[in-house]
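J.: heads up, no residue letters with this:
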């Protein structure tokens with residue numbers, strides 16, 4: 001195949017070869033890279049433009065070997081530094097209790113050394129699994145979150161999407177100001193996910209002025225959203241984390257919130273009512289209802305859902321209601337007639353509603369003329 005490629009594409013400009021090879025699968029690009037020096041440069045530039053690394057850690061294999069091999073490979077290919085636009089690193093532990101913290105901290109240093117050379121990164125996703133649960137040996141004043149061992153002193157001015165986190169348990173090392181400095185140095189950042197940041201974010205008001213979406217715990221959201229044009233919010237944690245103190249602060253965005261995702265927590269009726277009161281401009285709402293907490297008020301899940309009309313009446317701009325994350329174990333499926341009665345009732349309460357997904361994943365859409373139709377699964 002290599003010899004054939006050299007004959008088929010003699011003397012074509014690199015720009016055309018880039019366009020052609022960009023349609024090739026990774027295993028094909030590895031073959032192309034063996035044809036010639038010019039083909040190798042093009043093929044590797046495409047291969048290394050988007051990196052996704054997944055390491056499973058265990059007592060017998062405590063090192064993130066794929067991540068370390070990538071670091072070594074990049075450092076030996078300086079001509080690729082300007083090509084990488086997307087980096088995803090994810091660690092998962094089978095037996096986190098048997099891992100050594102020093103080895104993982106050393107791996108974080110390797111990532112940091114490599115990442116600071118990739119100044120044109122636009123998408124950064126790093127989840128370090130058990131690395132932040134290890135015992136600390138340094139004095140408390142010198143401790144930092146494991147993620148901060150990677151991003152300390154780093155500046156990625158072209159970053160538009162950032163997702164950072166690690167496994168969390170009570171007593172885990174929290175983030176420090178290192179994270180705040182890193183985020184403040186990313187003026188183009190539009191999408192941010194912080195899966196284990198359970199404390200307030202201390203960012204200056206001028207930082208990340210273009211942020212449009214955030215996913216993370218309630219305390220972080222309540223200090224990040226005010227004054228910023230966030231229109232999509234996804235909260236994680238427990239519904240008890242959303243309080244009368246932090247919920248009002250989430251409404252102080254520069255633009256009205258349009259998309260609210262509560263699928264990562266079990267939402268009880270009290271929170272749902274508060275949300276509808278504070279976010280009347282929401283157009284899309286995704287919820288995991290805590291049916292098990294309220295089933296003693298009804299004989300079936302479908303009867304419980306009938307009570308949503310009073311909540312939806314406060315959401316006059318709602319177009320999409322997605323209840324599919326709701327656990328329906330032991331509740332049973334409703335029949336289409338019951339679902340039709342519900343969607344018609346809900347659309348009277350919220351007149352712009354045109355799409356509903358039930359916990360059973362049955363989907364209904366409202367067509368022209370106001371008629372509701374079920375979409376076959």
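T.: Arrived safely, thanks for sending. In this text the structure is predicted, and so the values were computed from the model without any measurement.
J.: for residue 218, phi and psi?
T.: Here is the backbone geometry of residue 218 (degrees, to the nearest 10): phi -60, psi -40.
J.: where do the helices sit along the stretch 251-377 of the chain?
T.: Assigned by DSSP state H, counting those that start in this stretch, the stretch 251-377 of the chain shows helices spanning 269-278, 291-294, 301-305, 309-312, 336-349.
J.: need these in a markdown table with mean neighbour count, distance to residue 68 and mean pLDDT, can you?
T.: Quick note: C-beta positions are derived from backbone N, CA and C, even for glycine. Below are the helices of the stretch 251-377 of the chain laid out as a markdown table (neighbours: other Cβ atoms under 10 Å; distance: least, Cβ to Cβ, whole Å; pLDDT from 0 to 100):
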| stretch | mean neighbour count | distance to residue 68 | mean pLDDT |
| --- | --- | --- | --- |
| helix 269-278 | 18 | 43 | 91 |
| helix 291-294 | 16 | 44 | 55 |
| helix 301-305 | 20 | 48 | 65 |
| helix 309-312 | 17 | 50 | 90 |
| helix 336-349 | 16 | 52 | 90 |
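J.: got those helices as JSON lines, with distance to residue 16 columns?
T.: Converted to JSON lines, the helices of the stretch 251-377 of the chain look like this (distance: least, Cβ to Cβ, whole Å):
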{"stretch": "helix 269-278", "distance to residue 16": "53"}
{"stretch": "helix 291-294", "distance to residue 16": "57"}
{"stretch": "helix 301-305", "distance to residue 16": "57"}
{"stretch": "helix 309-312", "distance to residue 16": "55"}
{"stretch": "helix 336-349", "distance to residue 16": "53"}
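J.: show me what contacts residue 180?
T.: Listed by Cβ atoms under 8 Å, 6 or more residues apart in numbering, the contact set of residue 180 reads 201-203, 207.
J.: helix or strand: which one has it?
T.: Assigned by DSSP states H and E, residue 180 belongs to helix 177-184.
J.: just the mean pLDDT for that helix, thanks.
T.: The average pLDDT within helix 177-184 is 96.
J.: next: stretch 152-172.
T.: For stretch 152-172, mean pLDDT is 93.
J.: what comes up buried for it?
T.: 152, 154, 156, 159-168 (16 or more other Cβ atoms under 10 Å).
J.: out of those residues, which are inside helices?
T.: Per DSSP state H, helices hold no members of those.
J.: on that earlier part again, now tell me which of the contacts of residue 180 the prediction trusts least.
T.: Note: of the contacts of residue 180, the lowest pLDDT belongs to residue 202, at 90.
J.: separation between the closest residue to that residue other than its chain neighbours and residue 155?
T.: Excluding the flanking residues, the one nearest residue 202 by Cβ to Cβ, 6 or more residues apart in numbering is residue 180, at 5.4 Å. In this view, residue 180 and residue 155 are 13 Å apart by Cβ to Cβ, to the nearest Å.
J.: do residue 60 as well
T.: Residue 60 is 38 Å from residue 155, where distance means Cβ to Cβ.
J.: need the pLDDT of residue 237.
T.: 93.
J.: with residue 212 instead?
T.: pLDDT recorded at residue 212 is 98.
J.: wait, it sits on residue 225?
T.: No. Using Cβ atoms under 8 Å, residue 212 makes no contact with residue 225, being 11.0 Å away.
J.: returning to what we had before: closest to residue 221 among the contacts of residue 180?
T.: Among these, residue 201 lies closest to residue 221 (Cβ to Cβ), at 8.6 Å.
J.: and the closest one, helix, strand or coil?
T.: coil (DSSP: H, G, I helix; E, B strand; the rest coil).
J.: dihedrals phi and psi, it?
T.: According to degrees, to the nearest 10, residue 201 has phi -100, psi 120.
J.: which ones are touching it?
T.: Taking Cβ under 8 Å, 6+ apart as the contact definition, residue 201 lies against 180, 183, 194, 220, 223-224.
J.: drop anything exposed from the contacts of residue 180.
T.: Applying 16+ other Cβ under 10 Å to those flags 201, 203, 207 as buried.
J.: residue contacts, the second one?
T.: Listed by Cβ under 8 Å, 6+ apart, the contact partners of residue 203 are 180, 183-184, 223-224.
J.: apply 10 Å and report the result again.
T.: Taking Cβ atoms under 10 Å, 6 or more residues apart in numbering, we find residue 203 in contact with 179-181, 183-184, 211, 223-224, 228.
J.: can you name the two of the residues you listed that are farthest apart?
T.: Using Cβ to Cβ, the two most remote members of the contacts of residue 203 are 181 and 228, lying 17.6 Å apart.
J.: done for today, thanks.
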